[in-house]
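J.: following is a predicted model, sequence given first.
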Amino acid sequence: MAYELAVIDPGLMELGGHHAGFATSLQELLAQGGASAPKRVKIYAHTAIDQRLAQQLMPDECAGKMEVELLFSTNFYQLFEKQNTIADANSYINKLAREYFKALLAYYDEYEYRRTKQKQVNKALFFYPCLSWEHANALSIALSMLDSKQHGQHTVDAQHVVCAMYNPGINHQGSTTNLSQRVKFYHGFRRLARHACVRIFASDKELSTQYQQLLQMPKPLPIHPCYLLDWAQLANTQIASNKVNQVATVLLYSGDAKQNKGINLVPELVDVLANNSPQLQLQLQLQVQYTISWQYPEIAEALVKLSQQAEQYSNFSLYNQFWNQSELIQHLIDAEVVLLPYNAKTYSDKSSGFLWLCAALNKPVILLGESWLSREAKRLGVNLTIVPELNVVPSDCNAAENYINSIAKAILGVVVHKAEKLAEDKSIMPADTSEPEVVTQYRAQIFGAMFDWFKLLSKRPT
């Protein structure tokens, strides 16, 4: 049976991040078509969506296949990482529940109309790209409202597919790191899991076991594919590299500009690397890309400095704009090495979609300290270099300078090593141009084809 897809995402607002990444990936895949593609897609997004993103999601080639409705007014991240109790959050949860209900009811009514008047019947998949505990509570309330006697006439053949991508207060060793967080996630997701139409999927291996422990399940949660790209399509697509001989491109930063992602370290690295050519007569070409979701005062100075450096150094390119799927892939393919300067403590048990992009293209990655990123990189077989984190903010400039120099040294080390391998044997292709011969089961889970996964889910009985 054919299926249709309804994406319910109150967080789809900014031009950047995983919300926009999923939506734009979905749009590009839908334009390509294919046997596994849904017959139609309806996205319910935030009313304050960036108009550039809204326009990007509705190109001519998707006319009649994809529709975006701006419905949500609730701030998806209003309670994110805040110490609110469930009682404190009730007002927020109830407001979001009403909006979830409004979106669901609108789709169910439209579905019923098409089923009775137009005789069009497809299996309906409702997809929620990410939920935290407060969203899980709100969605559960909305589904209960939909199932109430007042709206019992709805008989939509549907599944509600939920992605659990936020840490529920449990670390990778199974210990509780935040009891309050754990209790909130337990009540929210246990409540949601009671709905027979709901299926919950974890975003990575660690979350799979953490949610198993949280919800006291007999086995780990199944893992959903990373939805930022269609990996099967990428594997079958030949993308030419724009690399120039004797030039080594280094991607120093990409994504939302945030202090805990290390944006404040980047200007100093640019100063060190811009005039530093490694061995073998190679010239470095430095790149930084970022978007700004919110105005953070703590990173303002770094962003001004980067703009000045873009004018100062001919071998430094600054992109303060969103990269679409094809642009992102092209820049990653061109890069010899990628730095992810994320704060190790912040990302101790927090995931990053950008690491998955690097892993899929077999990019050498440099990290600052051990964290979820280093553990996940090892699970995916990434060529990994780890610079020990600077645990204490130094009071003297020499310690800070030495730390920046150690990061720069690691970058140059990877670049020189790759250049030497190519110089020794011209027949060796760079690692990023070919998939490993043996694809591990975990890589297969993370890099599964999104539409194939949706199609498979649609075949399961509700």
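T.: Yep, it's here. Residues are numbered from 1 along each chain as shown.
J.: quick check: beta-bridge partners of the closest residue to residue 445 other than its chain neighbours?
T.: Of all residues not flanking residue 445 in the chain, residue 223 sits nearest, at 4.7 Å (CB to CB, 6 or more residues apart in numbering). Backbone N, C-alpha and C define where each C-beta goes, glycine included. Beta-bridge pairing for residue 223 (DSSP bridges): residue 202.
J.: and residue 223, how many neighbours?
T.: 18 (other CB atoms under 10 Å).
J.: ditto for residue 82
T.: With other CB under 10 Å as criterion, residue 82 counts 10.
J.: what sits against it?
T.: With CB atoms under 8 Å, 6 or more residues apart in numbering as the criterion, no residue contacts residue 82.
J.: now it: phi and psi?
T.: phi -110, psi 150 (degrees, to the nearest 10).
J.: what pLDDT does the residue nearest to residue 445 get?
T.: For residue 223, the pLDDT comes out at 96.
J.: again with residue 457
T.: For residue 457, pLDDT reads 93.
J.: what's in contact with the one helix or strand it maps to?
T.: Assigned by DSSP states H and E, residue 457 belongs to helix 450-458. Under the criterion CB under 8 Å, 6+ apart, residues 1, 3, 5, 25-26, 29, 34, 36-38, 123, 125, 127, 159, 161, 199, 224-225, 227, 230, 232 lie in contact with helix 450-458.
J.: which element is encountered next along the chain beyond the worst-scoring helix or strand of the chain on mean pLDDT?
T.: When the helices and strands of the chain are scored by mean pLDDT, DSSP states H and E, helix 231-235 comes last with a mean of 70. Counting by DSSP H and E, the next helix or strand C-terminal to helix 231-235 is strand 247-256.
J.: which parts of that following strand are buried?
T.: 248, 249, 250, 251, 252, 253, 254, 255, 256 (16 or more other CB atoms under 10 Å).
J.: tell me which other helices or strands whatever helix or strand comes next after that strand touches.
T.: Per DSSP H and E, the first helix or strand lying C-terminal to strand 247-256 is helix 266-274. Helix 266-274 sits against strand 247-256, strand 283-291, helix 300-312, helix 397-424, with contacts defined as 3 or more CB pairs under 8 Å, 6 or more residues apart in numbering; DSSP states H and E.
J.: buried deepest among the ones you listed, which one?
T.: Mean neighbour count (mean count of other CB atoms under 10 Å) peaks for strand 247-256 among the helices and strands packed on helix 266-274, with a mean of 22.
J.: in its sheet, what does that one sit against?
T.: When DSSP bridges is applied, strand 247-256 pairs with strand 283-291 (parallel), strand 335-340 (parallel).
J.: what distance do you get for the residue of the chain most remote from its centre to residue 67?
T.: Distance from the C-alpha centroid of the chain peaks at residue 117, with 39.3 Å (CA atoms, centre = their mean). Counting by CB to CB, to the nearest Å, the gap from residue 117 to residue 67 is 18 Å.
J.: now residue 269
T.: Counting by CB to CB - residue 269 and residue 67 are separated by 44 Å.
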